[in-house]
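[1] sequence unknown, structure follows:
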């Protein structure tokens, strides 16, 4: 029998360049994952990535995990004409696919009342999944599948998705939300190491709410949090947090496991949810 996973996680995966940029503090954090953050070896990994946004919950049921070089879609001035280094298109992460896990994910969601759960039988892993996993589990031996977010739905929708998926932990599945604690790419700017006040206030509110177990406030972040719309003009990168939070359970304890900033407004805050 697989060892149960008592923990779920929400990580900020950051720019795709973290795959090669050794200057970002979050890179050594992810590289130290197995030694310093989470020593258990999952049977499989379910990633909820902010880079897969669909109208209905969707799982990728594939036999082979190709990776997607999705270095595009950045509609801000910083990245509009940015050319990502060509070597990034040569990166590989040949982790096995997890079609059986994907089918279990769909089954659990349907049983929990999600009337429509779609299957994608072609889609590989986007950089919200393979890029952090390449640093966390470089051996690429653990099967991986993905579940999409629905940015047109609310946070409670995603929290309920997480609650439905909680039984997977008992089967040795690591549930990993991958997004960004703050995600307003149009507001990125070099502030000489300083942090924009609005970003700091949102980030501080989120940390306090999570560490104090005020999960319902986090579900209501758009009404409760300062500068919520500024921090997340689109919530696609925030909703993976709510899935991880819901899967952990109402009595889970949150822990800040990494915190750093980039370009004045981008928080790399990452959290662990432990349910003993």
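    Arrived safely, thanks for sending. What you see is a predicted model; the values in this text were computed from it and never measured. Numbers count the residues shown, from 1 in each chain.

[2] pLDDT weak spots in this protein?
    Residues of the chain that meet the criterion pLDDT under 70 lie in 1-2, 72-84.

[3] Show me the strands in it, by range?
    Secondary structure of the chain (DSSP state E): strands located at 7-12, 44-53, 58-60, 118-120, 144-149, 173-179, 253-258, 261-262, 266-267, 270-274.

[4] tally of neighbours for the residue lying closest to residue 54 once chain neighbours are set aside?
    Residue nearest to residue 54 in three dimensions, not counting chain neighbours: residue 148, with 4.3 Å by C-beta to C-beta, 6 or more residues apart in numbering. Bear in mind the C-beta positions are built from the backbone N, C-alpha and C, glycine included. Residue 148 has 25 neighbours, counted by other C-beta atoms under 10 Å.

[5] OK, contacts around residue 148?
    Residue 148 makes contact with 48, 49, 52, 53, 54, 57, 58, 59, according to C-beta atoms under 8 Å, 6 or more residues apart in numbering.

[6] Kindly report the same for residue 12.
    Residue 12 neighbours (C-beta under 8 Å, 6+ apart): 26, 179, 180, 181, 258, 267, 268, 269, 270.

[7] Which among the residues you listed count as buried?
    With burial judged by 16 or more other C-beta atoms under 10 Å, the buried subset of these is 26, 179, 180, 181, 258, 267, 268, 269, 270.

[8] wait, which of those is closest to residue 90?
    Nearest to residue 90 out of the buried ones among the contacts of residue 12 is residue 26 (C-beta to C-beta; 22.1 Å).

[9] Give me the nearest residue to that closest one, chain neighbours excluded.
    In space, and not counting its chain neighbours, residue 26 is closest to residue 268: 4.4 Å by C-beta to C-beta, 6+ apart.

[10] Report whether the expected contact of that neighbour with residue 256 is present.
    No. With contact defined as C-beta atoms under 8 Å, residue 268 does not reach residue 256; the gap is 10.9 Å.

[11] before we move on, back to that, show me just the buried residues among the contacts of residue 148.
    Buried among the contacts of residue 148 by 16+ other C-beta under 10 Å: 48, 49, 52, 53, 57, 58, 59.

[12] So which of those is the closest to residue 241?
    Among the buried ones among the contacts of residue 148, and counting by C-beta to C-beta, the member closest to residue 241 is residue 48, at 9.1 Å.

[13] Might one say that that closest one is in contact with residue 242?
    No. Under the criterion of C-beta under 8 Å, residue 48 makes no contact with residue 242, lying 9.1 Å away.

[14] Give the intersection of the neighbour lists for those two.
    With C-beta under 8 Å, 6+ apart as the test, residue 48 and residue 242 both reach residue 177.

[15] helices or strands next to the lengthiest helix in the chain in the packing?
    Identified as the longest helix of the chain according to DSSP state H is helix 197-211. Packing partners of helix 197-211 (3 or more C-beta pairs under 8 Å, 6 or more residues apart in numbering; DSSP states H and E): helix 215-219, helix 221-224, helix 228-231, strand 253-258, strand 266-267.

[16] that older thread, please convert the contacts of residue 148 to CSV, extending it with distance to residue 222.
    Shown next, in CSV, are the contacts of residue 148 (distance: C-beta to C-beta, whole Å):
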residue, distance to residue 222
48, 19
49, 21
52, 21
53, 17
54, 21
57, 21
58, 24
59, 27
